[in-house]
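K.L.:
pasting a predicted model and its sequence here:
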Amino acid sequence: MGLIAAVAAAAALSACAPQTLLVRAAADQLASQGQAAEDDLGLAREASAFYLKLSESVLRQTPGHLPLAEAVAGGFTQYAYAFIAMDADRIEASDAKAAQRLRERAARLYWRARDHAIAALAEHHPGWAPWLAGVQGSPGAPADDKPQLTADQVGVAYWAAAAWGAGISLSKDKPDAVADLPRAIALARLAWAIDPGHGDGALASLMGSFESARPGGSTRQAEAYFDLAIAASAGRSAGPWVAKAETLALAAGDRASFDALLRQAIAIATAHPNLANAVMRERAQWLIDSAADRF
């Protein structure tokens, strides 16, 4: 049963008594669907909104379905990054107000992704929300009664942390949002403790970004995380190369490293076409083309 069958199942949810079974079947199918193999950004953009809304509507009826929660949280996060926040970056110089409106929309979608992910975790342990609320200051010292993250929850925790961090990065003028950074880092660290190789280096890359962003963070430790991400990706993912360029090389004012990292990202994305790499290839090329504005 493919996506069309999943849509049909979703449409029939209110028709008869076995509603829960139909919802679960639709949730399973939607969770297994993905656009990872699609490298046409225009086609992906046109299809994503429908897919996300459908998946979200099914998730609201099966909030504890971890694979679907992971797909929905990841989908909203990727949509906001690839199709809204990147647009904002591109038009910043010509229309700052429009860019700001796009960033505000992207932040709202990041929060939406985060909330779906945390709600799914809370379905399995109601202590998640109060524990996160109690995390303050050092992300290494959360409350003692933290819920236990399980291996099948790592992906959901990763997207909750990634979406949270992305939203914070677009909300630096909002102190309440910035104050949540330790909570996002705490979630990422719990995932890291269980599966540091998660996402072929995606989690390691997120850890590097968080290490660079947190007060008192270590540049050397951030670089170690990015290098772990690059190693874990085994030459298949352009993301860690772009993240290292934007986070470390740019901050250090190292134009040579910046260009080299981005060109490597483009080479990898070209050799291994998929949606994530297509996004990273586009971003890497834009960063190279606009590098004179940064150095």
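P.N.:
Good, I have the coordinates. Residues are numbered from 1 along each chain as shown.

K.L.:
specify the local secondary structure of Gly64.
P.N.:
coil (DSSP: H, G, I helix; E, B strand; the rest coil).

K.L.:
confirm for me that it is in contact with Glu123.
P.N.:
Yes: using CB atoms under 8 Å, Gly64 makes contact with Glu123 at a distance of 3.4 Å. Heads up, the C-betas are built off the backbone N, CA and C, glycines and all.

K.L.:
and stretch 211-225, how far out from the chain's middle?
P.N.:
Taking CA atoms, centre = their mean, to the nearest Å, the mean C-alpha location of stretch 211-225 is offset from the chain mean by 19 Å.

K.L.:
my error: substitute stretch 170-181 in the last question.
P.N.:
The answer for stretch 170-181 is 17 Å, by CA atoms, centre = their mean.

K.L.:
and for stretch 255-268?
P.N.:
Distance, centroid of stretch 255-268 to centroid of chain: 22 Å (CA atoms, centre = their mean).

K.L.:
ditto for stretch 166-173
P.N.:
On the basis of CA atoms, centre = their mean, stretch 166-173 sits 14 Å off its chain's mean C-alpha point.

K.L.:
try stretch 116-134
P.N.:
Centroid displacement of stretch 116-134 relative to its chain, using CA atoms, centre = their mean, is 18 Å.

K.L.:
show me what counts as buried in it.
P.N.:
By neighbour count on 16 or more other CB atoms under 10 Å, the buried set for stretch 116-134 is 116-122, 124, 128, 131-132.

K.L.:
repeat that for stretch 162-180.
P.N.:
Going by neighbour count (16+ other CB under 10 Å), the buried part of stretch 162-180 is 162-171, 177, 180.

K.L.:
can you give me the domain assignment for the chain?
P.N.:
Here the domain parsing of the chain from automatic domain parsing is 1-63, 66-195, 198-295.

K.L.:
what helix or strand is Ala71 on?
P.N.:
Take DSSP states H and E as the rule and Ala71 turns out to sit in helix 66-80.

K.L.:
tell me which other helices or strands that helix touches.
P.N.:
helix 19-32, helix 41-59, helix 96-124, helix 154-169, helix 275-289 (3 or more CB pairs under 8 Å, 6 or more residues apart in numbering; DSSP states H and E).

K.L.:
mean confidence for that helix?
P.N.:
The pLDDT scores in helix 66-80 average 92.

K.L.:
and that helix, C-alpha only, in CSV?
P.N.:
Only the C-alpha atoms of helix 66-80 are listed here, as CSV (Å, rounded to 0.1, in the frame of the first residue of the first chain):
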residue,chain,number,x,y,z
LEU,A,66,7.0,7.3,17.2
PRO,A,67,7.9,6.7,13.5
LEU,A,68,5.2,9.0,12.3
ALA,A,69,6.1,11.6,15.0
GLU,A,70,9.7,11.5,13.8
ALA,A,71,8.6,11.9,10.1
VAL,A,72,6.3,14.8,10.9
ALA,A,73,8.8,16.6,13.1
GLY,A,74,11.5,16.0,10.6
GLY,A,75,9.3,17.1,7.7
PHE,A,76,8.3,20.4,9.3
THR,A,77,11.8,21.1,10.3
GLN,A,78,13.2,20.4,6.8
TYR,A,79,10.4,22.3,5.1
ALA,A,80,11.0,25.3,7.2
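
K.L.:
got a list of what the spatially closest residue to Ile288 that is not a sequence neighbour touches?
P.N.:
The shortest distance from Ile288 to any non-neighbouring residue, by CB to CB, 6 or more residues apart in numbering, is to Leu262 (5.2 Å). Contacts for Leu262 were tallied using CB atoms under 8 Å, 6 or more residues apart in numbering; they are 241-242, 245, 284-285, 287-288.
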